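Student: what's the 3D shape of this:
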Amino acid sequence: MLHQKSRLAALGLAVSKINHDLRNLLASSQLLSDQLASVPDPRVQRFAPKLMRSLERAIAFCQSTLSYGRAQEAPPDRRMVAVEQVVGEVRESAGLASDAAIGWVSAIERGLLIDADPDHLFRILLNLVRNAAQALEGQTGDDVAPPQIRITGRREGAVAILEVSDTGPGVPQRAKDHLFEAFQGSSRPGGSGLGLAIAAELVRAHDGDIALVEGTIGATFRITLPDRPVELHSIRSERARA
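Tutor: From the prediction side, this is the model:
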């Protein structure tokens, strides 16, 4: 425990030290991307807004100075979010275009909306997708299943359910024992073990749950996000005003 606390403290200090300069570098990149928006080339017009959005997210992360275990995440700013759009942004940010070596399957219920913070939902899915992609990078041509990442989404009443699956080697037992703990859940050499911990923290902030589904090929993580409870007094107030 002392060793883990020491690593958390060191991580917080490192993030604080690099935050200022990194934010300045990103701001400079943002200025350059703004200039790209005026280039008439159709390909530039297609990708410039996506680049700007990625930089905006990165700058927002730096401004928040979020270091796991040292500062709490900001409370989620929840609204009804179109899941298909977020999943598309996650795929692009993870570099899994249609010509990537890793297959991609999106099976999202048509028109699925989730009551969540859109940036938090993006970070949750991106962490899971990147973990899946890293697990698949070590596969060889002798593996039974071709490398593939699959995202599914559906609604069961007032609860939205998302699953991120891969056809990789799965999660070893030593990683399962501390799967969502900082610095503990990584089974890859050089892995920080923070991706799952951050995803779990963001899910819990939505009063949701994240779990590893047993008995599947590779690894499957299931996220359940309940809608916010409806407050009866708020409904009565709205009716009274009407």
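
Student: Tell me who's in contact with Asp34.
Tutor: Asp34 makes contact with Met52 under the criterion Cβ atoms under 8 Å, 6 or more residues apart in numbering. For glycine as for every other residue, the C-beta is placed from the backbone atoms N, C-alpha and C.

Student: May I ask which helix or strand encompasses the nearest residue to Leu113 once chain neighbours are set aside?
Tutor: In this structure, Leu113 finds its nearest non-sequential neighbour in Met80, 4.5 Å apart by Cβ to Cβ, 6 or more residues apart in numbering. Following DSSP states H and E, one finds Met80 within strand 79-82.

Student: Given that strand, what are its sheet partners and their directions?
Tutor: If you go by DSSP bridges, strand 79-82 pairs up with strand 113-116 (antiparallel).

Student: Please list the residues outside the partner strand that contact it.
Tutor: Residues from elsewhere that reach strand 113-116 (Cβ under 8 Å, 6+ apart): 76, 78-83, 121, 153, 160, 162, 206, 225-228.

Student: Put the buried members of those residues into a PyMOL selection.
Tutor: Once 16 or more other Cβ atoms under 10 Å is used to decide burial, the buried members of the contacts of strand 113-116 can be selected in PyMOL as follows:
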select buried, resi 76+78+81+83+121+153+160+162+206+225+227
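
Student: What part of the protein, helix or strand, is modelled with the least confidence?
Tutor: One helix or strand of the chain scores below all others by mean pLDDT, DSSP states H and E: helix 232-241, with a mean of 53.

Student: And the strands in this structure, which stretches?
Tutor: Defined through DSSP state E, the strands belonging to the chain, from first to last, are 79-82, 103-108, 113-116, 148-156, 159-166, 209-212, 219-226.

Student: Dump these into CSV; add mean pLDDT as well.
Tutor: Shown next, in CSV, are these (pLDDT from 0 to 100):
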stretch, mean pLDDT
strand 79-82, 96
strand 103-108, 94
strand 113-116, 96
strand 148-156, 96
strand 159-166, 96
strand 209-212, 95
strand 219-226, 96
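
Student: For Glu92, which of those is the nearest?
Tutor: strand 103-108 (10.8 Å; Cβ to Cβ).

Student: Pull out the buried residues from the closest one.
Tutor: Under the neighbour-count criterion of 16+ other Cβ under 10 Å, strand 103-108 has Gly103, Trp104, Ile108 buried.

Student: For the first one, list each beta-bridge partner.
Tutor: Going back to what we said before, that points to Gly103. Here Gly103, judged by DSSP bridges, has bridge partners Gln148.

Student: Any figure for the gap between Glu109 and Glu84?
Tutor: 9 Å (Cβ to Cβ, to the nearest Å).
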